[in-house]
Every structure is written in structure tokens, then in C-alpha cells.
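J.: build me a model from this:
(one chain, ligands or ions: 4)
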Amino acid sequence: AKEKGKNNYQFFTVDLHRDLSDKMMLEREMHKAIDEQQFYLEYQPQIDMKTNKIIGTEALLRWNHPKIGLISPADFIPLAEETGLIIPIGSWVLETACAQNKAWQEAGFPPVRMSVNVSLRQFMQQHFVEKVEHILEQTGLAPEWLDLEITESMTADVSHAQKVLSCLREIGIHVSIDDFGTGYSSLSYLGKFPITKLKIDQSFVRDLSEDHQAIVKTIIDLARNLNMKVIAEGVESQEQARLLLEMNCTEAQGYLYARPLSALDMTKKLSG
Ligand code: C2E
Ligand code: CA
Ligand code: CA
Ligand code: CA
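T.: Residues are numbered from 1 along each chain as shown. Ligands and ions are numbered 1, 2, ... in the order given. Okay, the predicted model is just below:
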């Protein structure tokens, strides 16, 4: 089935639970996708709300299948997790994003941070930190320009998370908690993790009802009290931006500022 995706282009969508043949087909195709260079990244700017300057960019994975067309990450990442293919795919993403950021810096653009999504399977793998470190060395990107986005669920194993996060922080890599507010999070441990930033989930931003405003305000205050930064994602309207600024939110990402962009369009944004 094809339907209009949230990025305004055609995404192939599959019901992975209903249609097993689709699922097996996707798995087979995913194996070939890296070798055949069907994956690419888009980059979505992250904005300083006070200055309106670009301070970062999130790498978002895209799969352009030669026959099916564009497949949404929401459809293939869960399957990539299940099959373990997320490990090589995730390494490719990390390497490509770091190399791109290094290239922008070499070109002389004002440096921005590169946010990269990390899946649970990647986070739990042995030698994850060493792998990241190796990619930084290979690409020449300084650790301070990399920001790994993890989710609350990855902090459930407190001792593992504490180990990995403190190693990453020691190297100088930033770590953000993505979709914050939607998952399990032990508030008592949150302060003990060396987390740089909380990323307010877009479900709260989309509908800034009074309840959601209270939640957003609480997350912003929590971040400040824990000496963490805070970014709102899914910001689509001026009104949302105004309310967020009023609540002392400092960073934002969303269609209001820019949709996810091709590397070329992101390069143009950075140069202009
Ligand atoms: P996410 O990490 O929460 O990424 C934000 C999603 O919101 C992206 O969807 C982005 O295109 C979309 N978005 C950004 N601004 C707006 C807005 O203003 N309004 C709306 N409605 N949506 C907005 P996308 O690119 O389809 O990615 C979906 C999810 O797939 C991501 O959610 C992330 O969980 C996962 N993903 C994407 N790339 C990777 C990757 O390289 N590795 C892993 N492990 N997961 C990835
Ligand atoms: Ca993310
Ligand atoms: Ca998110
Ligand atoms: Ca999400």
C-alpha cells in the first residue's frame, strides 16, 4: 500500500503484523539494501529559539527501494531491530552522519552538532562505546559534535546504562533522551546519568492543551534543575513556538523551521 507519509512524500507502508510475506520480503530486501546503497540520510535542523540559528541537525534514515520506493523508518526499523540488521545499518548511519558533519566543518560552516538515533539493540551490544569511538577516529569528527539520541527504555537496565553513558560522556560525546515523557523513566536515576539533553516528545508539542503545557513545563524545569538542556520536537506552528518560548524552552526542531532535508539542501541551509 502506498500512502502520503508525514514528510509529504509517498511512503510505502506495510502492516508487519498482518502480512507475514511482506515481512519476509522486507527482511530479504534489507540484507541487500546496504550493499546496494539504497539507504541515505536526511538532516533536520535544530534551532536555538532565541537566535533562530541552526545549532544542530538530526540524521534521519531513509530507505529508497528500487522497486517499492521509499519505505518509512517506522516500518523497517522495528524489523531491523528484531533481526539484528540494525547493527550494521546503525553503524552505517553513524559513520555517514559523522563523515557528513566533518565535511561541513571542513567546508568552513559554523559547526553544528549531529544527532544520531541509537536503537536498543545497538545500545546493548558489546563494545558499543568502542565502536562509536572508532567511527569518530575514522571520520575525524571531534566527540563534542556528536549527540546520541537514546530512549527512556534504554535506561531500564540502570547499571548497563550508567556504564555506557559515563564512558560516552568521558569521551565527550553528548547523549539526549528522545521522546522524553512517553516511556518508563526512573526520575531518581535520571539525575545520576550523565545526560546532556531531554527531547520533549512531539505528542505533547502537537497538542499544547493545558494538560500538555503542564507536562512540557515540568520537563523544562526538570531539565534545568538537572543541568540538562531541553529541545522540543515536532514544532509546526508559530503559536507552539510562542508557548514554548514562554515556558523557557531553548531549542526546537520541527516543520516550522525545516523539514528533514537532503544533504545538499542542508548544506545550502548551513551556507546561507
Ligand atoms: P524520532 O527520532 O522521534 O524522529 C522524529 C520524527 O518526527 C522523524 O520521523 C521526523 O521526520 C518527524 N518530524 C520532524 N519534525 C516534525 C514535525 O514538525 N511534525 C511532524 N508531524 N513530524 C516531524 P521519521 O524520519 O519518519 O522517523 C521516524 C522514527 O524512525 C524516528 O523517530 C526514529 O525513532 C526512527 N529513526 C529514524 N532514523 C533512524 C536511525 O538512523 N536509527 C534508528 N535507530 N532509528 C531511526
Ligand atoms: Ca530522534
Ligand atoms: Ca523523537
Ligand atoms: Ca519517536
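
J.: can you tell if the helix or strand hosting Val93 touches ligand 2?
T.: Secondary structure assigned from DSSP states H and E places Val93 in helix 86-106. No: using Cβ under 5 Å from the ion, no contact is recorded between helix 86-106 and ligand 2, whose separation bottoms out at 11.6 Å. Using the backbone N, CA and C atoms, a C-beta is placed for each residue, glycine as well.

J.: could you identify the helix or strand that succeeds that helix?
T.: Scanning forward in sequence from helix 86-106, with DSSP H and E defining helices and strands, the next element found is strand 113-117.

J.: quick one: that next one to helix 86-106, angle?
T.: Taking axes from the mean of the first three to the mean of the last three Cα atoms, to 10 degrees, strand 113-117 and helix 86-106 form an angle of 170 degrees between their directions.

J.: wait, does strand 113-117 contact ligand 1?
T.: Yes: taking Cβ under 6 Å from any ligand atom as the criterion, strand 113-117 and ligand 1 are in contact, through Asn117.

J.: against which helices or strands is that strand packed?
T.: Contacts of strand 113-117 with other secondary structure elements, assessed using 3 or more Cβ pairs under 8 Å, 6 or more residues apart in numbering; DSSP states H and E, are made with strand 54-65, helix 86-106, strand 146-151, strand 174-180.

J.: in the very next helix or strand once past the first one, which residues are buried?
T.: Note on strand 54-65: by DSSP H and E, the next helix or strand toward the C-terminus is strand 69-71. For strand 69-71, the buried set under the neighbour-count rule, 16 or more other Cβ atoms under 10 Å, comprises Ile71.

J.: what is the mean pLDDT for strand 69-71?
T.: Averaging the model's pLDDT scores along strand 69-71 yields 91.

J.: next: stretch 225-241.
T.: Per-residue pLDDT over stretch 225-241 has a mean of 97.

J.: how about stretch 29-47?
T.: Taken as a whole, stretch 29-47 has an average pLDDT of 94.

J.: kindly check the end-to-end length of it for me.
T.: 36 Å (Cα to Cα, to the nearest Å).

J.: what's the answer for stretch 233-241, then?
T.: With Cα to Cα as the measure, stretch 233-241 spans 10 Å from end to end.

J.: show the low-confidence segments of the chain, by residue range.
T.: 1-20 (pLDDT under 70).

J.: can you give me every residue that contacts Lys53?
T.: Applying Cβ atoms under 8 Å, 6 or more residues apart in numbering, we find Lys53 in contact with Ile47, Pro110.

J.: cutoff 7 Å now
T.: Applying Cβ atoms under 7 Å, 6 or more residues apart in numbering, one finds that Lys53 lies in contact with no residue.

J.: that one and Val112, how far apart?
T.: Using Cβ to Cβ, to the nearest Å, one gets 9 Å for the distance from Lys53 to Val112.

J.: could you report the neighbour count for Ala241?
T.: Counted with other Cβ atoms under 10 Å, the neighbours of Ala241 add up to 21.

J.: no, scratch that, I was asking about Lys67
T.: By other Cβ under 10 Å, the residues close to Lys67 number 6.

J.: phi, psi for it please.
T.: phi -100, psi -40 (degrees, to the nearest 10).

J.: and stretch 191-199, is it in reach of ligand 1?
T.: No: where contact is defined by Cβ under 6 Å from any ligand atom, no part of stretch 191-199 touches ligand 1; the two come within 7.8 Å at best.

J.: contacts for that stretch, please.
T.: Under the criterion Cβ under 7 Å, 6+ apart, residues 147, 149, 155, 161-162, 165-166, 169, 174-180, 219, 223, 226, 228-231, 233 lie in contact with stretch 191-199.

J.: near ligand 3, which residues of the stretch 51-200 of the chain?
T.: For the stretch 51-200 of the chain, the residues in contact with ligand 3 (Cβ under 5 Å from the ion) are Asp178, Asp179.
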